[in-house]
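*Asks:* take a look and give me a structure for this.
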Amino acid sequence: MSVVAATTGKKKRIVIAEDHTILREGLKSLLSASPDLAIVGEAADGREAIRRCLELKPDLLLLDLSMPRLNGIEAIGEVKRRVPATKILVLTVHKTEEYVLASLRAGAAGYVLKDATHQELLAAIRTVLAGKRYLSPDIAAHVIDGYLLGRKHEAPVTPWERLTPREREVLKLVAEGGRNREIADFLCISLKTVEKHRDSLMKKLDLHSAAALTAYAIARGLVDDQQHELKTREQGGNADEKN
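*Replies:* Numbering: from 1, shown residues only. Next up is the predicted model:
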């Protein structure tokens, strides 16, 4: 049994947030085999991950960054704001420093790549549960040198960083094939407000169509092309239709 379990005398409670069912089930089976860990909840999208954390108040949230409805980075910030005691470990395919730093800034305590071994994932989970930070070896050196040890010059603000949380949410919904009316209903805001957010997105990103916004969102990992294709088929294939 791990040091964590021996110290507390009980299993550490984990919620898994991953939109791919097979991977989520695999993680659940893998982690449930550890005597010091208990999977108490699952989520298939960012909003559900927040709800599960509010309901269950787990010791740790293990989540992907690319999920439907609300991306992982936004979910991290919301969970840390509303359930600060829950520690967060990111499990993702994204290796770029931009994603790592965004996750850490939002409140994640660890960052593991999906090509990690079973042993590495368990080590990451237990490290984070012990109150420490964990970064996959493949990215740790680069991030530490560039960020944790300080930069001589601040990097320029990117167009993505200029987007508000609401604009990012609208961008994700547009990329998933949502029309303005559907987005307004989903977010409980007016149609006019959605149109303003959409116009602002196009200006800040210098993109001028739903197709361009979708390509940008896919490139950033907010939504994958399979999700977009499925939604577009459901709507008759017109991704550029605004209303």
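*Asks:* quick one: average pLDDT of the helix or strand where Asp185 lies?
*Replies:* For Asp185, the host element (DSSP states H and E) is helix 180-187. Mean pLDDT, helix 180-187: 91.
*Asks:* who's in contact with it?
*Replies:* 166, 169-170, 173-174, 178, 190-191, 193-195, 198, 242-243 (C-beta atoms under 8 Å, 6 or more residues apart in numbering). In short, each C-beta sits where N, CA and C put it, glycine included.
*Asks:* again, only this time at 7 Å
*Replies:* Here helix 180-187 makes contact (C-beta atoms under 7 Å, 6 or more residues apart in numbering) with Glu169, Val170, Leu173, Ser190, Leu191, Val194, Glu195, Arg198, Lys242, Asn243.
*Asks:* which of those count as buried?
*Replies:* Glu169, Val170, Leu173, Val194, Glu195, Arg198 (16 or more other C-beta atoms under 10 Å).
*Asks:* which residue sits closest to the second one, ignoring its sequence neighbours?
*Replies:* Setting aside the residues directly before and after it, Val170 is nearest to His197 in space (C-beta to C-beta, 6 or more residues apart in numbering), at 4.4 Å.
*Asks:* quick one: residues contacting that neighbour.
*Replies:* Arg166, Glu167, Val170.
*Asks:* which of those residues fall in strands?
*Replies:* Among the contacts of His197, DSSP state E puts none in strands.
*Asks:* sort out for me which of these are in helices.
*Replies:* When the contacts of His197 are checked against helices (DSSP state H), the matches are Arg166, Glu167, Val170.
*Asks:* assess the claim that the second one and Ser200 are in contact.
*Replies:* When you say that, I think you mean Glu167. Yes: counting by C-beta atoms under 7 Å, Ser200 is a contact partner of Glu167 at 6.0 Å.
*Asks:* mind listing what the residue nearest the centre of the chain touches?
*Replies:* In the chain, the centroid-proximal residue (C-alpha atoms, centre = their mean) is Gly72; its distance is 1.1 Å. Going by C-beta under 7 Å, 6+ apart, Gly72 touches Gly46, Leu63, Asp64, Leu65, Ser66, Val90.
*Asks:* other residues contacting whichever strand or helix holds Ala140?
*Replies:* Applying DSSP H and E as the criterion places Ala140 in helix 137-143. The contact list for helix 137-143 (C-beta under 7 Å, 6+ apart) reads Lys95, Glu97, Val100, Leu113, Leu135.
*Asks:* the third one contacts Gly110, doesn't it?
*Replies:* Right, the one you point to is Val100. No: counting by C-beta under 7 Å, Val100 does not reach Gly110; the two are 10.4 Å apart.
*Asks:* wait, which of the contacts of helix 180-187 is closest to Val83?
*Replies:* Glu169 (19.8 Å; C-beta to C-beta).
*Asks:* ok, that closest one - contacts?
*Replies:* Glu169 makes contact with Leu70, Glu74, Leu187, according to C-beta under 7 Å, 6+ apart.
*Asks:* now do it against Ser32, distance only.
*Replies:* To Ser32, Glu169 is 33 Å away according to C-beta to C-beta, to the nearest Å.
*Asks:* again, but for Ala116
*Replies:* For Ala116, the distance to Ser32 equals 18 Å [C-beta to C-beta].
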